[in-house]
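K.L.:
take this sequence and fold it.
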Amino acid sequence: MRTLLRIAAAGAAAVALGGCSLLGAKPAAPAQKDAEGTRPKSAASATAPQPQHVIASQRAALEKDTARVDLTALKQNGGMVTLEFTVTNQTSNDALGIQIGHLFTASGDTSGSGTLSGITLVDGANKKRHLTATDSRGGCVCSQDLSAVFVKTGQTVAFTATFGAPPANTKKVDVQIPRVPVFHDIPIA
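P.N.:
Next up is the predicted model:
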C-alpha cells in the first residue's frame, strides 16, 4: 500500500511539474528521493538552498512544530509579482519532519495535493488583496504537490507563488501566509 501511495505521489508531482513549466512558472527540480530513497520530492526545492538575501523573517507554529519562514524575494516582472520564501524546520516532533501538505492552501482549494493558494499580498494603500495567480485550469501558479514535501529538523525548503501585479504606485505590500504572522511593508523589487 505504501508503495502504491509513493507511486501515486510521484505521478502527481510529474503532472504538477509539467503544468507549471508550461505556464511560465520556474521549473522545479526533477522528482528526487530523500536520503532513505523513499519519498519523492515535489515542485518545492528541497536541495540545500543557495545563500539568499532575507527580506523579512517570522517564527511560526506549523502544526506541532516550530519553523522559521524567510521571505527572500518579492519581484515584479511585467504584470506579475513573484514571491520567493523558505521554510526552515527548527524543531520537529516527528522523524519525517513538518509535512507542508495543506498548511498554506486556501480553504476553498480543491486541488487535493496542497498548494500555496492561501498566500495573499495586501495593498493597504489601494485597499486591495491579491490572490495567487491561476492557470487556465484554475490551478495556483505556485509550488505544487506540497503533500509530498517534508521539511526535516534543520532542513530548509524553498517555495514560490505568483500574483497579478498591484498598481504601479504600490511600492510595498503586506504578505499574508496562513499560520505565519503577517509580514508588513515588504518592498516590491
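K.L.:
can you pull out the helices in this structure?
P.N.:
Per DSSP state H, the chain carries helices over the ranges 2-22.
K.L.:
tell me which residue is most central in it.
P.N.:
Centroid-nearest residue in the chain, with Cα atoms, centre = their mean: residue 159, separated by 3.7 Å.
K.L.:
how many other residues sit next to the residue nearest to that residue when sequence neighbours are not counted?
P.N.:
Once flanking residues are discounted, residue 159 sits nearest to residue 143: 4.3 Å by Cβ to Cβ, 6 or more residues apart in numbering. C-beta: built from backbone N, CA, C; applies to glycine. Neighbours of residue 143 under the rule other Cβ atoms under 10 Å: 28.
K.L.:
one more: residue 53?
P.N.:
Neighbour tally, residue 53, other Cβ under 10 Å: 8.
K.L.:
mind showing which ranges of this structure have poor pLDDT?
P.N.:
Across the chain, the ranges flagged by pLDDT under 70 are 1-51, 108-112.
K.L.:
how about the strands in it?
P.N.:
56-62, 65-77, 80-91, 98-99, 120-123, 128-131, 150-151, 156-164, 172-176, 183-187 (DSSP state E).
K.L.:
next up, the contacts around the residue nearest to the centre of the chain.
P.N.:
By Cβ atoms under 8 Å, 6 or more residues apart in numbering, the contact set of residue 159 is 44-45, 84-87, 104, 116, 142-143.
K.L.:
also residue 58?
P.N.:
68-69, 180-181, 183.
K.L.:
let's see it at 6 Å
P.N.:
Counting by Cβ atoms under 6 Å, 6 or more residues apart in numbering, residue 58 makes contact with 69, 180-181.
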